[in-house]
Structure formats: C-alpha cells, structure tokens
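Student: Need coordinates for the below:
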Amino acid sequence: MSNHAIIIGINNYTPIERQGLITLNGAIPDAESVHKWVTTRGGVDNDNAHLIISNEHQLTPVKDLIDDTIGEIINKVSADGGVGDRFYFYFAGHGLGVEADRENNGLCMANWDENKRDSAALSSADYKRKFVIEGLFKEIVVWLDCCRNPRIYFNPAGAGAVTPRPRNANPKWMLAFGTQYLNQAFETRGEARGIFTKVLLEGLDVNQGNGGAPVSVDDLRDYLSYKVPIEAQNAGYTQTPEVFSNVGGRLNNIYF
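Tutor: This next block holds a predicted model:
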C-alpha cells in the first residue's frame, strides 16, 4: 500500500505579550501518539510519515514547511505512478473558526500573531480541497484537534496551486473536527492530552483489538460522538466532535 501522512503538533507559539497565543501542553504528545498509530496500525511506512512538531527555541513549524512537505509527497507519489492509497493529515494546536464557513477552520502555525493572522494560519477547507482535487490518493483522512471559535475575523491562507490529476478523480474522504463549529476543544486534566485525540485513538483501537475487526468511518463517527462528550464532561468541559464524509455504508466506506 502507498500510504502517506503529515502529522502536526504545535505547543509553542508567539507569546501572548507579542499578540500571540498561549502555550499548549498536549499537542506534541498527541501528534506523537497519532504518528505512532499511523506507522504501526495505520499502514504508513516510517519514510512516508512526516511528524512536524514545534519547539520552544524557534517559531516553527510555519506554513512554508507544511507546503514543502506536501510538495515532497506529491513528487514521490507522482514518481511512483501517481496512484496513492491513503493520505492522513492530522493537526493538533490552536485553531480559529472562520465566520460563516462551517467546514473551514484556521490552523494556527507557531508564528501566528494578530498582525499576520491570515498568512500564519492554514485554511483547513482549502488544504482538504487540494488533497482531494490533486487526485493522487484513493482516500483522504483529515483529523483536526483544535478550537473552532471565531475569536477574530480573518481569512486563513490557502494551499497554493492545485494540479488536478485524473488518477483518482473522486476519492473517498473523511474530515473530523475535534469540536463543533463556534466551540472550543479542550485538553484533559492531569496528563494534558487533547480529549478528541485521546478518544480518536481509543476508537481506532477498540474494534481493531476485538478480533481484528476493521473500524469504518461510520463506526468511528459513532464512537467519537458518544465518547468525546463524556470525556469532556468528566474533565469539566463541554465538547462534541463534528465529522463530515462522502462515504457511508458497508460497501462504500473507509476502513481503518
């Protein structure tokens, strides 16, 4: 199988006193856990799984690094005949909702501040559109563990040029937000981990560990919808995930 992944975890941001964002605790551990899952149970070879995380000494990752990594994947899949099986895109960090656009969200890069609010955030909708239209993969899986409340008005940056390819003109796709539109996503108390990611990984493993039965998008949606609100309530929060997909039913699903 030709599977690829970009896994992003950002704890460290431009400081609040410089119009930035507060430091997070769970985004990097969450990204590392998702990276471990995709390379052990998600069918992605280590060479094809790109783990991109922040550090406290410099404000990376930034948009150019993400775009360069996407370009590397495009070149590799194109060189292999232009047919990839599945692409995972995961983000944990600060997010901002986009006014009047329910299926879009700004994914804040480490260098985000209120002065470069647009250029330092990725448009989740535009990047997902690029992954789909490029036509390099049969399946697209996007998991976003971040807030979706529109604190300010902004227009997050797009993914750049799109080159449609005829190989996979209508790929299956799944898009899962950690929380509903206009709402926040939270970390667990104690060991700081994203509630959505914690439940996501549990949901992927529960059925797989039960006689090796595959987990479908429908299974995962049901598990997330049931368990995330419970985990959030236990931590003193309110949080409900939101899942979009163009597949459903036994014969036309994405299985994990």
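Student: Excluding chain neighbours, what is closest to D218?
Tutor: The shortest distance from D218 to any non-neighbouring residue, by Cβ to Cβ, 6 or more residues apart in numbering, is to G248 (6.0 Å). Bear in mind the C-beta positions are built from the backbone N, C-alpha and C, glycine included.
Student: Which strand or helix spans the residue nearest the centre of the chain?
Tutor: Residue closest to the average C-alpha location in the chain (Cα atoms, centre = their mean): Y90, at 2.7 Å. For Y90, the element it lies in under DSSP states H and E is strand 84-92.
Student: Mind giving me the packing neighbours of that strand?
Tutor: Applying 3 or more Cβ pairs under 8 Å, 6 or more residues apart in numbering; DSSP states H and E, one finds that strand 84-92 makes contact with strand 3-9, helix 27-40, helix 124-134, strand 137-145.
Student: export these to TSV and tack on mean neighbour count, distance to E231 and mean pLDDT?
Tutor: Output for the helices and strands packed on strand 84-92, formatted as TSV (neighbours: other Cβ atoms under 10 Å; distance: least, Cβ to Cβ, whole Å; pLDDT from 0 to 100):
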stretch	mean neighbour count	distance to E231	mean pLDDT
strand 3-9	25	19	98
helix 27-40	22	14	97
helix 124-134	21	23	95
strand 137-145	24	13	97
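Student: Quick one: closest of the ones you listed to P166.
Tutor: Closest approach to P166 among the helices and strands packed on strand 84-92 is made by helix 124-134 (10.9 Å; Cβ to Cβ).
Student: any idea of the angle that closest one forms with strand 137-145?
Tutor: 170 degrees (axes from the mean of the first three to the mean of the last three Cα atoms, to 10 degrees).
Student: can I get the CA coordinates of helix 124-134 in CSV?
Tutor: Extracted C-alpha coordinates of helix 124-134, given in CSV (Å, rounded to 0.1, in the frame of the first residue of the first chain):
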residue,chain,number,x,y,z
SER,A,124,-8.4,23.6,6.6
ALA,A,125,-11.1,23.7,3.8
ASP,A,126,-8.6,24.8,1.1
TYR,A,127,-6.0,22.2,2.1
LYS,A,128,-8.6,19.4,2.1
ARG,A,129,-9.8,20.6,-1.3
LYS,A,130,-6.2,20.5,-2.6
PHE,A,131,-5.7,16.9,-1.3
VAL,A,132,-9.0,15.8,-3.0
ILE,A,133,-8.6,17.6,-6.3
GLU,A,134,-5.0,16.7,-6.8
